[in-house]
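Enquirer: sequence plus the predicted model coming up.
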Amino acid sequence: MRLTTRLQVFILVALCAAPIACDAQQRRSFRDREPTIPPPSITEYKPESTLVVPEHEVPRARFPLVDIHGHPPTLDNLETIESVVAEMDRLNIGVMVQARPSSGQRLRSQIEAVREAGYEDRFVFFASLDLENIDLGSGLKIARQLEEDIDAGAVGIGEISKAFGLFHTKMDGSRLAMD
């Protein structure tokens, strides 16, 4: 019991003395000092990774895969389409879902160009929704455009921007909230 009492007294003294010892140390204020080395610009900053793991490069998928979220260049001419298909073949991508935001004539021209090039089995197209200038009747207009895009060959709706609630507004200026 006596050792326990001594231990308790030691702990109590240590706890009481700790703040005094901390105040006795010299405090360094970095807020009031200018850096001795200027910070690098974003183009000069080249951090070196400290991660050490075995590297296993996979230059080509073993089995044909589906790229569910592709952003190829606009597929509206044979040269571009064949260039993208050649890269897909090199990586063993069987099908690419084209998630680039497009609808209306822009989407139709891409779907038609891919069909004419004979690669309709390699691409799946998603339509985008025109959420600019939302006002009364906009829902009907958007639905009609989506129906036209589906009739043209779109099979889904693509990305809704991560910044959706920041920039899209109603005609009265209020932000368009996602529900």
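Expert: On my side now, so go ahead.
Enquirer: quick check: residue 177 touching residue 165?
Expert: Yes - in terms of CB atoms under 8 Å, residue 177 counts as a neighbour of residue 165; the distance is 6.0 Å. Heads up, the C-betas are built off the backbone N, CA and C, glycines and all.
Enquirer: which one of the two is surrounded by more residues?
Expert: Remark: of residue 177 and residue 165, residue 165 carries more neighbours, 12 against 9, as counted by other CB atoms under 10 Å.
Enquirer: for residue 159, what are its contacts?
Expert: Counting by CB atoms under 8 Å, 6 or more residues apart in numbering, residue 159 makes contact with 99, 101, 126, 128.
Enquirer: closest to residue 156 out of those?
Expert: Closest approach between these and residue 156, by CB to CB: residue 126, at 4.5 Å.
Enquirer: helix, strand, or coil at that closest one?
Expert: strand (DSSP: H, G, I helix; E, B strand; the rest coil).
Enquirer: run through the bridge partners of it.
Expert: Here residue 126 sits in beta bridges with residue 156, going by DSSP bridges.
Enquirer: beyond the helix or strand bottoming out on mean pLDDT in the chain, next helix or strand please.
Expert: Across the helices and strands of the chain, mean pLDDT, DSSP states H and E gives its lowest value to helix 2-24, namely a mean of 65. The element immediately downstream of helix 2-24 (helix or strand, assigned by DSSP states H and E) is strand 65-70.
Enquirer: could you spell out the sheet neighbours of that next one, each with its direction?
Expert: strand 93-98 (parallel).
Enquirer: can you point out the buried residues in the strand it pairs with?
Expert: Within strand 93-98, the residues scored as buried using 16 or more other CB atoms under 10 Å are 93, 96, 97, 98.
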